[in-house]
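> Let me see the structure of the following:
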Amino acid sequence: ADVSWSAAFPQNVYVRYKINGDLQPAATHWAGLQLYFSNLAAQYKAAGGNFKNWKTPYGDWVPAGPKVSDQLCTAFSYILNARQMAELATALNRSADAATYARLADSLTADYNRAFYKPVMKCWDDCGQSSYA
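The predicted model follows:
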């Protein structure tokens, strides 16, 4: 499945925590969330650790303007979910997991900038609206 679509799993768990302070879904599904991230890591590794090589089926499938690369959306979802996992792990007192996911998010952010940032134009990907979101 497209990473941006499957990102609903960690996103829903995270939103329950942020809105209601409810950590039960995170605690209950922690092993499943970790399996989800293992799957993402395997996909990213298969792409050679390069977001531009990551094959994704949908991307930004209904853009308001020009369409950004599908990989940009995939990369964003992966990074956002890693940051959310770091925050959830902290809330669950899983400090080692929190550090792991924070490092992952930082590393992926650097990869994102290497893959998509255009220094001459000072923008990402196609320089359109979605690339700034």
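> For the rest of this, base every contact and every neighbour count on C-alpha atoms.
OK.
> Just the helices from the chain, written as ranges.
3-6, 8-20, 24-46, 70-91, 95-116, 129-132 (DSSP state H).
> And the first one, what's buried?
Translated: helix 3-6. 3-4 (16 or more other C-alpha atoms under 10 Å).
> contact partners of that helix?
Residues outside helix 3-6 that contact it (C-alpha atoms under 8 Å, 6 or more residues apart in numbering): 40, 56, 59, 73-74, 77-78.
> what's the average pLDDT for that helix?
Helix 3-6 shows a mean pLDDT of 86.
> still on that earlier bit, of the helices of the chain, flag the one that's most buried.
Among the helices of the chain, helix 70-91 has the highest mean neighbour count (mean count of other C-alpha atoms under 10 Å), at a mean of 22.
> what does it contact?
Contact with helix 70-91 is made by 2-4, 7, 10-11, 14, 17, 23, 26, 40, 51-60, 95, 97-102, 104-105, 108-109, 112, 116, 125, 131, as judged by C-alpha under 8 Å, 6+ apart.
> and the direction of it versus that of helix 95-116, what angle?
160 degrees (axes from the mean of the first three to the mean of the last three C-alpha atoms, to 10 degrees).
> what angle separates helix 70-91 from helix 24-46?
Comparing the axes of helix 70-91 and helix 24-46 via the same axes, to 10 degrees yields an angle of 140 degrees.
> Measure how helix 70-91 sits relative to helix 8-20, angle-wise.
50 degrees.
> Look up how far Q84 lies from the spatially most central residue of the chain.
Centroid-nearest residue in the chain, with C-alpha atoms, centre = their mean: Y78, separated by 1.7 Å. Counting by C-alpha to C-alpha, to the nearest Å, the gap from Y78 to Q84 is 10 Å.
> repeat for Q71
For Q71, the distance to Q84 - C-alpha to C-alpha - is 20 Å.
> For this structure, give me the ranges with low pLDDT.
The chain contains residues with pLDDT under 70 at 1, 58-66, 133.
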